[in-house]
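> Mind folding the following:
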Amino acid sequence: MSSQAISLYKKRRSQYALGKNLPISQNDTTHLIKQAVREAPSAFNAQSSRAVILFGAENQKFWGRAKDELRKIVPADAFAGTEKKIDSFAAGAGTVLFFIDTDVVKGLQEQFALYADNFPIWAEQSNGMAQFAVWTALADADIGASLQHYNPLVDETVREAWGVPASWTLRAQMPFGSNEAAFGEKAYVEDEARFKVFG
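Okay, here's the model as predicted:
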């Protein structure tokens with residue numbers, strides 16, 4: 001059985017060799033990202049996922065600030081590898097910063113006290129689905145991407161540089177751009193170790 005959805009999931013891969021030559025316009029890329037986040041599911045239809053989309057010089061600024069923060073904690077003799085990695089993200093066309101709006105979560109906790117402990121968990125799950133939706137949509141448009149996690153190290157500099165509300169908690173960063181290298185082979189865990197089917 002063939003599935004268009006599964007074909008797209010297979011196309012979504014980590015790309016670290018990024019360039020600035022997007023196959024679609026910046027406006028179309030922005031629209032694609034917005035649509036993907038909008039359509040991602042959330043418990044209680046909370047829609048707590050938020051995104052900041054950075055292009056061009058703003059993208060460079062983010063990764064430059066990330067590098068500055070990393071320089072404070074990475075030993076000098078080990079920094080060359082870190083710098084190379086950060087520069088590979090900055091080489092792309094842009095980055096999506098994914099956040100959870102904790103005000104939405106707190107509001108639901110107050111409104112539905114019985115489930116209060118679960119709303120932060122559900123918000124994380126929803127944010128993960130938004131990340132996957134964006135990544136898959138970018139892959140479908142032949143835009144490469146990867147998912148990074150430099151939070152909470154960069155949280156304060158992000159708030160300062162882009163006026164992000166205090167209630168937005170940074171969860172992930174997705175640098176994206178043109179695919180400047182082929183994808184390697186992907187290894188999979190054996191089905192026997194991963195699935196149990198009954199009935």
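> send the alpha carbons of stretch 42-54 over as CSV?
Taking Å, rounded to 0.1, in the frame of the first residue of the first chain, the C-alpha atoms of stretch 42-54 are listed here in CSV:
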residue,chain,number,x,y,z
SER,A,42,-3.3,20.4,20.2
ALA,A,43,-5.1,19.1,23.3
PHE,A,44,-8.3,21.0,24.1
ASN,A,45,-7.5,23.0,20.9
ALA,A,46,-5.2,25.0,23.0
GLN,A,47,-3.1,26.2,20.1
SER,A,48,-0.3,27.1,22.5
SER,A,49,2.5,26.8,19.9
ARG,A,50,4.2,30.1,18.8
ALA,A,51,6.9,30.7,16.2
VAL,A,52,9.4,33.4,15.4
ILE,A,53,10.6,33.2,11.8
LEU,A,54,14.0,34.8,11.0
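> So for it, what gets flagged as buried?
Judged by neighbour count (16 or more other C-beta atoms under 10 Å), stretch 42-54 contains these buried residues: Ser42, Ala46, Ser48, Ser49, Arg50, Ala51, Val52, Ile53, Leu54. All C-beta atoms are positioned from the backbone trio N, CA, C, and that covers glycine.
> and which of the residues you listed is nearest Pro120?
Nearest to Pro120 out of the buried residues of stretch 42-54 is Ser48 (C-beta to C-beta; 9.7 Å).
> gap between that closest one and Glu156?
Ser48 sits 21 Å away from Glu156, going by C-beta to C-beta, to the nearest Å.
> now swap in Phe62 and tell me
According to C-beta to C-beta, Phe62 and Glu156 sit 13 Å apart.
> Quick check on those two: which one has the bigger neighbour count.
Remark: of Phe62 and Glu156, Phe62 carries more neighbours, 25 against 12, as counted by other C-beta atoms under 10 Å.
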